[in-house]
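Engineer: take a look and give me a structure for this.
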Amino acid sequence: MSEQDHESSGTGEAGGTAHGSAAPERPTGQQPDHGAAVSTGTGTTHDTPGATDSAIPELVIISGMSGAGRSTAAKCLEDLGWFVVDNLPPALIPTMVELGARSQGNVARIAVVVDVRGRRFFDNLRESLADLESKHVTRRIVFLESSDEALVRRFESVRRPHPLQGDGRIVDGIDAERELLRELRGDADLVIDTSSLNVHELRAKMDAQFAGEEEPELRATVMSFGFKYGLPVDADLVVDMRFLPNPHWVPELRPFTGLNEEVSNYVFSQPGAKEFLDRYTELLQLIAAGYRREGKRYVTIAVGCTGGKHRSVATSEKLAARLAAQGVETVVVHRDMGRE
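Structural biologist: Reported below is the predicted structural model:
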């Protein structure tokens, strides 16, 4: 594990057509909402001041040693559908839970990262935990631990000081942090020692604790684009559809896009088009299984043709429909359509 803790934020997909039950369909070209992912679980019904028929969100507090992998643990929960807040002052945790209870079930699981970056507020944690207990909030504390040797090695590898070392050495900061967190570690429901774990192994441990019996979800963005406008910088996989005849050279098809049925039928009537779609879909099944094992939750598949108007658009729509049928939450983005 070489990862250093950093501020966590929710991510939204680019605009486009949604496929799959987790992403409702929208008209072509309409932009989806951006923002942090929220969960779809259920909570305990409870009367919270200011909220009617509210469901109290499940709460996980992530803490532990700096450099032990708090950010990786938080991102894992975010990928599993938790609403994640990084470096929230402990005094505000009950307020965050109350806001979640008012969300009418849209925020059913909240993960809060609490660490020594908020050391001015850290003394409020005990009071906040007592407040949560009095309101019957279901909460778990996950504490990430690591050996002094591993932590020193990680801080030295990124050439960053420990947040508590001041004018001293890294080990001085580690000692001070251990003392500050000692009581919290004793109260933890789950302690994970990351001394010998890499990022993927830590994610696997978090998945085992919080993913339940379901396989971790994979989310895909299928993006059509035109090679003449450049490759998408965020592409994980790139597909080149320029081996098929270009509808641009068919006068009656030129004004239309790959969303048009006549254009799509023309593209997939060409030799090799359907066979390519079938075989590439099978290949993606193997890749998706590997991504899940390695803890990768998001994949962007870029499908290109010359201008990003006909072949790539038609193929992206077909491919996204195949992925959605396999249970992959899929969004289609047509980056360059209408650009010409």
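
Engineer: so Asp172 touches Gly166, yeah?
Structural biologist: Yes. Contact criterion CB atoms under 8 Å: Asp172 and Gly166 qualify, at 7.5 Å. To be clear about C-beta, it is placed using only N, CA and C from the backbone, and glycine gets the same treatment.

Engineer: looking at those two, which is more packed in?
Structural biologist: A direct count of neighbours by other CB atoms under 10 Å for Asp172 and Gly166 places Asp172 higher, at 14 against 11.

Engineer: and the more buried one, what helix or strand is that in?
Structural biologist: helix 170-187 (DSSP states H and E).

Engineer: give the buried residues for the helix or strand Ser224 falls within.
Structural biologist: Here Ser224 sits within strand 219-226, counting by DSSP H and E. For strand 219-226, burial by neighbour count (16 or more other CB atoms under 10 Å) applies to 219-226.

Engineer: now, which of those sits nearest Glu262?
Structural biologist: Nearest to Glu262 among these is Ser224, at 17.5 Å by CB to CB.

Engineer: and Arg143, what is it in contact with?
Structural biologist: One thing to correct before we go on: residue 143 is Phe, not Arg. By CB atoms under 8 Å, 6 or more residues apart in numbering, the contact list for Phe143 reads 63-64, 181, 184-185, 188, 190-192.

Engineer: kindly recompute the last result at 6 Å.
Structural biologist: Residues in contact with Phe143, defined by CB atoms under 6 Å, 6 or more residues apart in numbering, are 63-64, 185, 188, 191.

Engineer: checking my notes, it in a strand, right?
Structural biologist: Yes. With DSSP: H, G, I helix; E, B strand; the rest coil as the criterion, Phe143 is part of a strand.

Engineer: of all the buried residues of strand 219-226, which two lie farthest apart?
Structural biologist: The span of the buried residues of strand 219-226, defined through CB to CB, is set by Arg219 and Gly226 at 24.4 Å.

Engineer: and stretch 218-235, how far apart are its ends?
Structural biologist: The straight-line separation of the ends of stretch 218-235 (CA to CA, to the nearest Å) is 16 Å.

Engineer: where does this protein dip in pLDDT?
Structural biologist: Within the chain, the ranges that satisfy pLDDT under 70 run 1-54, 117-123, 212-216, 295.

Engineer: quick check: Phe155 vs Thr300, distance?
Structural biologist: Separation of Phe155 from Thr300 (CB to CB, to the nearest Å) stands at 32 Å.

Engineer: oh, that last question was meant for Gln209, not what I typed.
Structural biologist: From Gln209 to Thr300 the distance is 28 Å (CB to CB).

Engineer: more crowded one of these two?
Structural biologist: Neighbour tally, Gln209 and Thr300, criterion other CB under 10 Å: the higher count belongs to Thr300, 20 against 17.

Engineer: looks like the more buried one contacts Asp236 (just checking).
Structural biologist: Yes. Contact criterion CB atoms under 6 Å: Thr300 and Asp236 qualify, at 5.1 Å.

Engineer: helix or strand for Val238, which one?
Structural biologist: For Val238, the element it lies in under DSSP H and E is strand 237-240.
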